[in-house]
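Student: Sequence and computational prediction follow.
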Amino acid sequence: EAQVTQNPRYLITVTGKKLTVTCSQNMNHEYMSWYRQDPGLGLRQIYYSMNVEVTDKGDVPEGYKVSRKEKRNFPLILESPSPNQTSLYFCASSFAGTGGAGYTFGSGTRLTVV
Amino acid sequence: GENVEQHPSTLSVQEGDSAVIKCTYSDSASNYFPWYKQELGKGPQLIIDIRSNVGEKKDQRIAVTLNKTAKHFSLHITETQPEDSAVYFCAARSNSGYALNFGKGTSLLVTP
């Protein structure tokens, strides 16, 4: 089944403790992206990647890192999480190019930083 | 960059009635407009999309219209059912980029 898999689904952590949220897709998509979803603010892009070893900042990149060493994986790294990073996070992927269709989203990771 | 405005933020309709959600975009170079449905506890799922060379697209009870001159597009759901209750997001993508810019979402409630 074509899908984007995120792990974990739920995570509670303490301020300053490094964490990684994994994202993997099995559709051979070139483009991958991370979003955070907050009430009243919709979906805001954190980082995106056009292909292996090619990443760039989205609208709200502060406090986050990403890497794209393999085409299928795009982990999101919070080196020193803070309470304002408590949010619902989504990974998404698509084929690149203007002819590409819309994104396929993962099921989300609900992160709480205390 | 692209700015997508979505209205209304909440919408309540009775089962069987129609629902309309409207979005406007700022970048005249935008050429791809998808709509997503997000059910509680799940990620957004693509339900319909339209490209700038088409004015209207229909899929059973769902239709999307696009007015390029006015830079707005709308989602129409006819004969609504309780299972249509969800948050709906519109998005737009520029011809020059890959990122989708999302509206803030519309929470649709269909009451029996």
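Tutor: Ah, there it is.
Student: ok, residue 13 - contacts?
Tutor: I went with chain A, as the question did not name one. Going by C-beta atoms under 8 Å, 6 or more residues apart in numbering or on different chains, residue A:13 touches A:19, A:81, A:111, A:112, A:113, A:114. In short, each C-beta sits where N, CA and C put it, glycine included.
Student: Sorry, I should have been clearer: chain B.
Tutor: For residue B:13, the contact set (C-beta under 8 Å, 6+ apart) comprises B:19, B:80, B:108, B:109, B:110, B:111.
Student: from those residues, which would you call buried?
Tutor: Buried subset of the contacts of residue B:13 (neighbour count, 16 or more other C-beta atoms under 10 Å in any protein chain shown): B:19, B:80, B:108, B:110.
Student: CSV for the residues you listed, including pLDDT and distance to chain A?
Tutor: Below are the buried ones among the contacts of residue B:13 laid out as CSV (pLDDT from 0 to 100; distance: C-beta to the nearest C-beta, whole Å):
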residue, pLDDT, distance to chain A
B:19, 98, 19
B:80, 98, 23
B:108, 98, 15
B:110, 98, 21
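Student: Go through the contacts of residue A:13 and flag which are in helices.
Tutor: Using DSSP state H, no member of the contacts of residue A:13 falls within helices.
Student: Buried among those residues? Need that as a selection in ChimeraX.
Tutor: A single ChimeraX command selects the buried members of the contacts of residue A:13 (16+ other C-beta under 10 Å):
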select /A:19,81,111,113
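Student: For the contacts of residue A:13, could you give me a markdown table that also reports distance to residue A:50 and pLDDT?
Tutor: A markdown table is the format used below for those (distance: C-beta to C-beta, whole Å; pLDDT from 0 to 100):
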| residue | distance to residue A:50 | pLDDT |
| --- | --- | --- |
| A:19 | 25 | 97 |
| A:81 | 27 | 97 |
| A:111 | 25 | 98 |
| A:112 | 31 | 98 |
| A:113 | 29 | 97 |
| A:114 | 35 | 97 |
